[in-house]
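K.L.:
Attaching a predicted model along with its sequence, questions to come.
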Amino acid sequence: MSSVFAGLFKGARNDLPEALKAHRTLKKRLDLRTPVQNADFVAFDTELTGLDFKKDSIISIGAVKLLGSRIFPGRAFATLVRPESPLKGKSVVIHGITHTDLSDATSLEDALVDFIAFIGDAVLIGHFVFIDLNFINRAMKRLFGFKLQNPVLDTSTIHDWLAENDSAFAKHHKGMTLKQDLYSLAGKYGITVEAAHDAQYDAYLTAQLFQRFLHFLPGCGIHTVEELLMIGKS
């Protein structure tokens, strides 16, 4: 291992679970030349006690797997996480997760290990995903000594790029909206919204939104994971 590569993990624990040991070397295995339709993706979402990543914490993680544009609803991940900060009334109204729901929840450390094992080498997808990443990476650094290694795409970024660069995409919608939140864009592109602020369901909505967008990529010259990351990387 080069000194530069070793330096990236200078603070990593020596007793890491096997999933985390494999995760540390992920970037050496990635082939960004993989065609988008042959690539593994995982759409994910988190629920939080609030949006301040220095004071609030993760209370739920949900995810679903894709192969290219094909979604596998049965290959999903969902866990409640024991909060490391107090629940707030305002956030409970949004996500509906109560103290009772979290009484037997998984520890944050165990939840992250399980999440890393689930996602494997996949490219991650989120909507306004920088919020989720701030919380996950802060916890990863504190608990394990390094950040999440998977490449990450943001469906809001992909949407904005397509809207600016593909006239056919700009016309493909069901109703006008200037809002960029997940539920507004889902409605705009004909995706039925049946639940509210559940991490696993929101991950599934994100996967469907990503599926819609992939249809337009070949016409814009986007064929590989590397090219997709150039227009949609978080």
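P.N.:
Cool, got the structure. Residues are numbered from 1 along each chain as shown.
K.L.:
what are the ranges of the helices in the protein?
P.N.:
3-8, 18-24, 26-29, 89-95, 108-119, 130-144, 155-165, 167-170, 182-188, 199-214, 225-232 (DSSP state H).
K.L.:
was I right about residue 213 contacting residue 154?
P.N.:
No. In this structure, residue 213 is not within contact of residue 154 by Cβ atoms under 8 Å, at 11.1 Å. Bear in mind the C-beta positions are built from the backbone N, C-alpha and C, glycine included.
K.L.:
Residue 197 and residue 91 touch, don't they?
P.N.:
No. The criterion here is Cβ under 8 Å, and residue 197 misses it with residue 91 at 9.4 Å.
K.L.:
just to revisit the earlier point, the more surrounded of residue 213 and residue 154?
P.N.:
Comparing residue 213 with residue 154 by other Cβ atoms under 10 Å, the one with more neighbours is residue 213, at 24 against 21.
K.L.:
Could you find the closest non-adjacent residue to that one?
P.N.:
Counting by Cβ to Cβ, 6 or more residues apart in numbering, residue 158 is the residue found nearest to residue 213 once chain neighbours are left out, at 5.1 Å.
K.L.:
That neighbour against residue 211, yeah?
P.N.:
No. Using Cβ under 8 Å, residue 158 makes no contact with residue 211, being 11.4 Å away.
K.L.:
Okay, now stretch 141-149: how far is its last residue from its first?
P.N.:
12 Å (Cα to Cα, to the nearest Å).
K.L.:
now swap in stretch 81-99 and tell me
P.N.:
Terminal-residue distance, stretch 81-99 (Cα to Cα): 11 Å.
K.L.:
May I see the buried residues of stretch 160-171?
P.N.:
For stretch 160-171, burial by neighbour count (16 or more other Cβ atoms under 10 Å) applies to 161-162, 166, 169.
K.L.:
Compare residue 197 and residue 91 (neighbour count), which wins?
P.N.:
A direct count of neighbours by other Cβ under 10 Å for residue 197 and residue 91 places residue 91 higher, at 20 against 17.
K.L.:
so how far does stretch 216-232 reach from one end to the other?
P.N.:
First-to-last distance for stretch 216-232 - Cα to Cα - comes to 14 Å.
K.L.:
cool, and stretch 100-107?
P.N.:
By Cα to Cα, the extent of stretch 100-107 from end to end equals 15 Å.
K.L.:
List of residues touching that stretch?
P.N.:
59, 79-83, 87, 114 (Cβ atoms under 8 Å, 6 or more residues apart in numbering).
K.L.:
Stretch 142-152 now?
P.N.:
Contacts for stretch 142-152 (Cβ under 8 Å, 6+ apart): 8-13, 16, 20, 23-24, 26-27, 30, 32, 42, 108-109, 112, 116, 119, 121-126, 129, 133, 136-137, 140-141, 225, 229, 233-234.
K.L.:
picking up where we left off before, since we're on the residue nearest to residue 213, how many residues are nearby?
P.N.:
Using other Cβ under 10 Å as the criterion, the residues surrounding residue 158 number 24.
K.L.:
Distance to residue 179, neighbour count and pLDDT added to the contacts of stretch 100-107, as TSV?
P.N.:
Supplementary listing: the contacts of stretch 100-107 in TSV, determined by distance: Cβ to Cβ, whole Å; neighbours: other Cβ atoms under 10 Å; pLDDT from 0 to 100:
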residue	distance to residue 179	neighbour count	pLDDT
59	25	27	96
79	29	20	97
80	29	19	97
81	28	26	97
82	33	17	95
83	29	20	92
87	27	19	86
114	33	16	98
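K.L.:
Residue 180: which of those residues is nearest?
P.N.:
Set against residue 180, the nearest of the contacts of stretch 100-107 by Cβ to Cβ is residue 59 (24.0 Å).
K.L.:
ok, that closest one - contacts?
P.N.:
Residue 59 makes contacts with 47-49, 80-81, 83, 87, 95, 97, 102, 105, as judged by Cβ under 8 Å, 6+ apart.
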